[in-house]
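Colleague: What shape does this take:
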Amino acid sequence: MTVDDADPDRPEPGSGTGPGHRSGTAAEGASGAEDPSGGEHSPGGGSGERPAGAEGRSGAAGEGAEYPTPHHVVDHTAEPTDDPLAIRLEQLILGAERRYTPFQAARTAGVSMDLASRFWRAMGFADIGQAKALTEADVLALRRLAGLVEAGLLSEPMAVQVARSTGQTTARLAEWQIDSFLEGLTEPPEPGMTRTEVTYPLVELLLPELQEFLVYVWRRQLAAATGRVVQAADDEEMVDRRLAVGFADLVGFTRLTRRLEEEELGELVEAFETTCADLVAAHGGRLIKTLGDEVLYAADDSGTAAEIGVRLIETLSQDETMPALRVGIAFGTVATRMGDVFGTTVNLASRLTSIAPKDAVLVDGAFAEELTRTGEAPVSETQAAEDAARAEKEGETPPAYRFALQPMWQRPVRGLGVIEPWLLTRRTPRIPG
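Modeller: Model (predicted):
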């Protein structure tokens, strides 16, 4: 359905789960609402007139007229919640009571229903029909996004992208945090208390601290990302950049899923992702995404990407609980969008991972060439020996190559033609830290 049969401004106390629940789909496009001023007089002010043209949808206004909902599809099967604790928790977290229907919120914010719908969908909020479930914070968020568009600071598509990237990132963060905090409560603080009853005081204590910490981390990450943009050679490089892209993949993970209990599997994935994230960050790379048994990372230079790849093998191979690991790295032009990376270079790194031997790192020819160009690896061991002999003869320090490259057999790779992978290994003793 694309319309709601209820009066769009009729309050529905205790109805709906609120806009903070994620929608099952990431719907695209607009809802088709014609004007934000529909419905009766809202708490935020404005006239009580129906929007122009609304009567044409299903007769005269006030006679059961159907209005488009703020989202693409309404889940009429969702049971309204009247749980007092759930409502108290929502008010605690949002810092305000439910006050507006979606139409009222859009009108109060001075935003068209069409644009409000796109913002809400992009943020991942579930359909709520015309329940009175929105707060002053929802109105303010609409005003801010629309204001950025009106001021010319963001185009409308860019504003929707901002909403989508923020919604997707914070939705996962929120799910992870609440799961982790509640799982850590093996015993309630008071006998007879349930986990649900413990949630309120826990959230009350953690909320302000986590909010401040989230803003701090975001600012740090924003500063780092801005720095990379400023250092780009030209505007074209800011969009299509030359990066080293690496995949690290656990071998035989599918078989493990059939053998391990769910809890054991979850612990293994958590340990794998944590180890990878720590190593990537510590050595100057960026973790792009985690996929359970696989991680994708990027680095601005080949030496950093090589160090990360080799250290992942060295570290995880020492853990007896971990399956074997294989890593594939490629270097070249990469398109970046909303924190993700795309393009032939990414596909090549993925293919190299799939053909890499256990506990080994395979790289493509462009990566090998870049590594030798920057002096991180010799063209060959023969050259390395000659350089060392020459340096010794002249009383100089020989080149300190960190890595060694060994050409492997050429082989066809689906969708990419014939490639010549190189086996990457550490040439010098690993430096702790």
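Colleague: quick one: low-confidence parts of this protein?
Modeller: For the chain, applying pLDDT under 70 flags the ranges 1-82, 182-192, 195-196, 228, 231-240, 428-433.
Colleague: can you give me the helices for it?
Modeller: Counting by DSSP state H, the chain has helices at residues 55-58, 84-94, 102-109, 113-122, 136-150, 156-183, 195-230, 235-239, 253-259, 262-282, 302-316, 344-355, 365-373, 381-393.
Colleague: so what's the residue nearest to the spatial centre of the chain up against?
Modeller: Nearest to the geometric centre of the chain sits Thr169, at 4.4 Å (C-alpha atoms, centre = their mean). Going by C-beta atoms under 8 Å, 6 or more residues apart in numbering, Thr169 touches Gly339. Glycine gets a C-beta too; all of them are placed from N, C-alpha and C.
Colleague: possible to save the helices of the chain as CSV with distance to Pro412?
Modeller: Converted to CSV, these look like this (distance: least, C-beta to C-beta, whole Å):
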stretch, distance to Pro412
helix 55-58, 58
helix 84-94, 54
helix 102-109, 54
helix 113-122, 41
helix 136-150, 48
helix 156-183, 36
helix 195-230, 35
helix 235-239, 31
helix 253-259, 25
helix 262-282, 30
helix 302-316, 24
helix 344-355, 10
helix 365-373, 15
helix 381-393, 28
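Colleague: which stretch among these comes nearest Gly417?
Modeller: helix 344-355 (10.3 Å; C-beta to C-beta).
Colleague: Run through who's touching that closest one.
Modeller: With C-beta under 8 Å, 6+ apart as the test, helix 344-355 has contacts from 243, 245-249, 294, 296, 326-334, 362-364, 411, 413-416, 419, 421.
Colleague: How much space separates Met338 from Gly167?
Modeller: Counting by C-beta to C-beta, to the nearest Å, the gap from Met338 to Gly167 is 11 Å.
Colleague: So between the two, which is more surrounded?
Modeller: More neighbours surround Gly167 than the other of Met338 and Gly167, with 20 against 10 (other C-beta atoms under 10 Å).
Colleague: surely the more buried one meets Arg121?
Modeller: No. Assessed by C-beta atoms under 8 Å, Gly167 is found out of contact with Arg121, at 9.1 Å.
Colleague: Can you get me a residue count around Ala223?
Modeller: For Ala223, the count of nearby residues is 9 (other C-beta under 10 Å).
Colleague: Distance check, it against Ala282.
Modeller: Separation of Ala223 from Ala282 (C-beta to C-beta): 18 Å.
Colleague: What of Arg118?
Modeller: Look at Arg118 and Ala282: by C-beta to C-beta, they are 39 Å apart.
Colleague: Settle it for me: which of those two has more neighbours?
Modeller: Each of Arg118 and Ala282 has its neighbours counted (other C-beta under 10 Å); Arg118 has more, 25 against 12.
Colleague: Can you report how many residues neighbour Gly309?
Modeller: Neighbour number of Gly309 under other C-beta under 10 Å is 33.
Colleague: Could you report the distance from it to Ser302?
Modeller: As judged by C-beta to C-beta, Gly309 and Ser302 stand 10 Å apart.
Colleague: excluding its backbone neighbours, what's nearest Glu136?
Modeller: Closest residue to Glu136 apart from its sequence neighbours, by C-beta to C-beta, 6 or more residues apart in numbering: Ala96 at 5.1 Å.
Colleague: Count the residues that sit near that neighbour.
Modeller: 15.
Colleague: Check Ala106 too.
Modeller: Residues near Ala106, counting by other C-beta under 10 Å: 32.
Colleague: Please apply the same query to Thr374.
Modeller: By other C-beta under 10 Å, neighbour count at Thr374 equals 11.
Colleague: Name all residues that make contact with it.
Modeller: Asp301, Ser302, Gly303.
Colleague: Dump those to JSON lines, plus distance to Ala404 and neighbour count.
Modeller: As requested, those are exported to JSON lines (distance: C-beta to C-beta, whole Å; neighbours: other C-beta atoms under 10 Å):
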{"residue": "Asp301", "distance to Ala404": "18", "neighbour count": "18"}
{"residue": "Ser302", "distance to Ala404": "14", "neighbour count": "26"}
{"residue": "Gly303", "distance to Ala404": "14", "neighbour count": "20"}
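Colleague: In CSV, list these along with distance to Gly152.
Modeller: Formatted as CSV, these follow (distance: C-beta to C-beta, whole Å):
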residue, distance to Gly152
Asp301, 36
Ser302, 40
Gly303, 41
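Colleague: wait, which of these is closest to Pro407?
Modeller: Once C-beta to C-beta is applied, the member of the contacts of Thr374 that ends up nearest Pro407 is Ser302, at 16.6 Å.
Colleague: just checking, that closest one touches Leu371?
Modeller: Yes. Counting by C-beta under 8 Å, Leu371 is a contact partner of Ser302 at 4.7 Å.
Colleague: tell me, what's touching those two both at once?
Modeller: In contact with both Ser302 and Leu371: no residue, using C-beta under 8 Å, 6+ apart.
Colleague: now, which of the contacts of helix 344-355 lie within strands?
Modeller: Counting by DSSP state E, these place 243, 245-249, 294, 296, 326-334, 362-363, 411, 413, 419 in strands.
Colleague: Now the buried members of the residues you listed.
Modeller: For those, a neighbour count by 16 or more other C-beta atoms under 10 Å gives the buried set as 243, 245-249, 294, 296, 326-332, 334, 362-363, 413, 419.
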